[in-house]
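1. just to be clear, the model below is a prediction. Sequence and coordinates:
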Amino acid sequence: MKQFKSFTSLAVTAALLGSAAPMAMAATPDNMLVIANRIDDIKTFDPAESFEFAGADVSRNVYEKLVNFDPMDLDAGYAPEIAESWELSQDGKTITFKIAEGHVFSSGNPVTGKDVVYSLQRAVKLDKTPSFILTQFGFTADNIEEMVQLVDDMTVSVTLDKQYALSFVLNCLTATIGGIVDSETVMANEADGDMGNEWLRTNSAGSGPYMVAQWKPNESVMLVLNENYGGEAPAMERVVVQHIQESATQRLMLERGDIDVARNLSPEDVAGLASVDGVKVVDELRGRLMYFSANQKNEMLSDPKVLEALKYATDYQGMADSFLKGQYTVHQAFLPLTFLGALEDQPFSYDMDAAKAALAESGFPDCGPIKISVRDAQDRMDIGQSLQNTWGALGCDVELIVGTGAQTLDRYRAREHDIYLGAWGPDYPDPNTNAATFAENPDNADDSGNTGYLAWRNAWDIPEMSKETQAAVVENDTDKRAEMYKEIQKEHQMVSPFGVMFQQIEQNAMAENVANFVAGGATTAVSYWVITK
């Protein structure tokens, strides 16, 4: 952890909801947390649909799950939350959860087994982008009512299609899609059979410490206390997250005291805080990876030698030592460090001679036009411009197609990109979370609906690697399972259309009086309810 100091003049934050520009303000109350963050990727608050970074932050604080992580002890792994206990059947296929008393939704309705069954069944039936986290257990819209059943008011049984490691299943239930919704409230807001999906996009119905009070897309989101929360009341009664795109603006607002936390500072702005009083910077290794990927529908980008050339023409260390300094470490495998089976091998380095040799052996020695789809965020733009420069030196005509987080994601999920430059964070703390998306593609058809699989998004048809990945997820010998993932990653590094470049070190700058800010490590999202000032 690094700590710096900075001058703090507290701010009045209710006004923050109205404007993205910094304003001269007085004081943020002791019971309110004000954060500057890039939140333009938020598309929905429905836990069955939310699959973006900023949306996960909201969900983490609004929805409880059967099992979850203690933010003050992330290394301990999952722990009981709505489920007070569970038992595994003798055949290893059915998990019976006993629901704990005392959990209450923001509506005042108690959490019961009925809500758990409804939430899990609903997530599968809606079949939104993150549904694959649950459907990988053999759940379908047709069988989910048989697979997830109410035993009694406070007992739920979940039956899987085959035996898996219990830890893998429970880890999956910590994902955003595992959020338990208030069935009565959601059904009351159903429209045209959508199971409340449209309403939950802008509202919340959870039993977590907070509830969504207001959301202005691309501007701000406000969370307020769930007055019926069954746990200890958080010190921060309101949390305001304001969309501030520019690092320099976030830094200025933090120095003036207009905000409590700045989450997207550049290395230069972090370094600039070293001489300022009253601010600290907390470093946290996250699970987020930065990568580029090539659409295999593009004939040139499906040439293995072209992909090899692009990987050698990427200045990994140069970027890490310059504009990414302190915030990303070079990492070239799809499992983040700290995960079971993480691979530290780095087979590619910036080598223009090797890149040109590979390109010359390809079917496209002239390296025709390449469009890089990139989100309008400083770190990604900087990486995109570096790729544009070094790939340009290789002889490629490279254009950056810049858009908001939502725009670039929509293009990516529609398989309409050439090169996508983006980030990927684990959905649960098990190696399958990344293996099943980077190295598995169950059905490469355009209409398969497999948008949650990155291999599918890039039209990469890999039946054999998919089988290897599926075999690893059911292996109960931990050491053997780790070795299986390492072997898959070694192959993936050399043949895939993915260029994994970096793993994130998140540097969150905050007022010195902010305590217990936990961004989520490599396993989960931020936890507001433990923060004090």
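-> That came through, no problem.
2. stretch 211-220: end-to-end distance?
-> 15 Å (C-alpha to C-alpha, to the nearest Å).
3. ok, now stretch 83-101?
-> 9 Å.
4. which of the residues in it are buried?
-> Ala83, Trp86, Lys93, Ile95, Thr96, Phe97, Lys98, Ile99, Ala100 (16 or more other C-beta atoms under 10 Å). Just so you know, the C-beta spots here come from the backbone N, C-alpha and C atoms, and that holds for glycine as well.
5. chain center to it: distance?
-> Distance of stretch 83-101 from its chain centroid, counting by C-alpha atoms, centre = their mean, to the nearest Å, is 27 Å.
6. please renumber so the chain begins at 18
-> Understood, numbering begins at 18; the last thing we discussed is stretch 100-118.
7. tell me which of the buried residues of stretch 100-118 is nearest to Asp286?
-> Among these, Ala100 lies closest to Asp286 (C-beta to C-beta), at 42.7 Å.
8. coming back round to it: what is the most widely separated pair among the buried residues of stretch 100-118?
-> Farthest pair in the buried residues of stretch 100-118, by C-beta to C-beta: Lys110 and Ala117, 23.9 Å.
9. which pLDDT value belongs to Met239?
-> The score at Met239 is 98. That number is its pLDDT.
10. run a quick neighbour tally on the closest residue to Ala488 other than its chain neighbours.
-> Spatially, and ignoring its direct neighbours in sequence, Ala488 is nearest to Met501 (6.9 Å; C-beta to C-beta, 6 or more residues apart in numbering). Per other C-beta atoms under 10 Å, the neighbour tally for Met501 reads 20.
11. for Met501, give me the pLDDT.
-> 96.
12. you'd agree it is up against Ala489?
-> Yes - counting by C-beta atoms under 8 Å, Met501 touches Ala489, with 4.1 Å between them.
13. any idea how far Asp463 is from Lys497?
-> 36 Å (C-beta to C-beta, to the nearest Å).
14. cool, and Gly537?
-> 34 Å.
15. okay, those two: which has more neighbours?
-> The neighbour count for Gly537 versus Asp463, taken as other C-beta under 10 Å, is higher for Gly537 (22 against 12).
16. check the secondary structure at Met518 for me.
-> Assigned state for Met518: strand (three-state reduction, DSSP: H, G, I helix; E, B strand; the rest coil).
17. from Gly125, how far off is the residue lying closest to it once chain neighbours are set aside?
-> Ranked by C-beta to C-beta, 6+ apart and with sequence neighbours excluded, the top spatial neighbour of Met518 is Met307, at 5.2 Å. Distance, Met307 to Gly125, by C-beta to C-beta: 43 Å.
18. Pro514: what's it in contact with?
-> Neighbour list for Pro514: Ser310, Ala311, Asn312, Gln313, Leu318, Ser319, Leu324, Asn475, Trp477 [criterion: C-beta atoms under 8 Å, 6 or more residues apart in numbering].
19. quickly find the element holding Leu50.
-> Per DSSP states H and E: Leu50 is located in strand 49-54.
20. run through the neighbouring helices and strands of that strand.
-> strand 255-260, helix 264-273, strand 278-279 (3 or more C-beta pairs under 8 Å, 6 or more residues apart in numbering; DSSP states H and E).
21. could you dump these to a markdown table with distance to Arg428 and mean neighbour count?
-> Shown next, in a markdown table, are these (distance: least, C-beta to C-beta, whole Å; neighbours: other C-beta atoms under 10 Å):
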| stretch | distance to Arg428 | mean neighbour count |
| --- | --- | --- |
| strand 255-260 | 21 | 24 |
| helix 264-273 | 25 | 22 |
| strand 278-279 | 29 | 26 |
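22. let me have these in CSV, extended by distance to His434 and mean pLDDT.
-> Converted to CSV, these look like this (distance: least, C-beta to C-beta, whole Å; pLDDT from 0 to 100):
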stretch, distance to His434, mean pLDDT
strand 255-260, 24, 98
helix 264-273, 26, 96
strand 278-279, 31, 98
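23. and those as TSV, adding distance to Gly516?
-> Shown next, in TSV, are the helices and strands packed on strand 49-54 (distance: least, C-beta to C-beta, whole Å):
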stretch	distance to Gly516
strand 255-260	29
helix 264-273	25
strand 278-279	29
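24. picking that back up, redo the buried residues of stretch 100-118 as a markdown table? Include secondary structure, distance to Val229 and pLDDT.
-> Shown next, in a markdown table, are the buried residues of stretch 100-118 (DSSP: H, G, I helix; E, B strand; the rest coil; distance: C-beta to C-beta, whole Å; pLDDT from 0 to 100):
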| residue | secondary structure | distance to Val229 | pLDDT |
| --- | --- | --- | --- |
| Ala100 | strand | 24 | 98 |
| Trp103 | strand | 29 | 98 |
| Lys110 | coil | 37 | 96 |
| Ile112 | strand | 30 | 98 |
| Thr113 | strand | 32 | 98 |
| Phe114 | strand | 26 | 98 |
| Lys115 | strand | 29 | 98 |
| Ile116 | strand | 24 | 98 |
| Ala117 | coil | 24 | 98 |
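25. as TSV, these with distance to Asn525 would be great.
-> Below are the buried residues of stretch 100-118 laid out as TSV (distance: C-beta to C-beta, whole Å):
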residue	distance to Asn525
Ala100	31
Trp103	34
Lys110	42
Ile112	36
Thr113	40
Phe114	34
Lys115	37
Ile116	35
Ala117	32
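26. for Ala377, state which of those residues is nearest.
-> Using C-beta to C-beta, these come closest to Ala377 at Lys110, 53.9 Å.
27. that closest one contacts Gln180, correct?
-> Yes - between Lys110 and Gln180 there is a contact under C-beta under 8 Å: 5.6 Å.
28. intersection of neighbour lists for those two?
-> Joint contacts of Lys110 and Gln180 (C-beta under 8 Å, 6+ apart) do not exist.
29. look up how far Met482 lies from Thr495.
-> Distance from Thr495 to Met482, by C-beta to C-beta: 22 Å.
30. what about the two, which has more around it?
-> Between Thr495 and Met482, counted using other C-beta under 10 Å, Met482 has the larger neighbour count: 21 against 12.
31. how many neighbours does the residue lying closest to that one once chain neighbours are set aside have?
-> Distances taken as C-beta to C-beta, 6+ apart put Ala456 closest to Met482, at 5.3 Å, once the chain neighbours are dropped. Neighbours of Ala456 under the rule other C-beta under 10 Å: 28.
32. got the phi/psi numbers for Ala456?
-> Main-chain torsions, Ala456, degrees, to the nearest 10: phi -130, psi 20.
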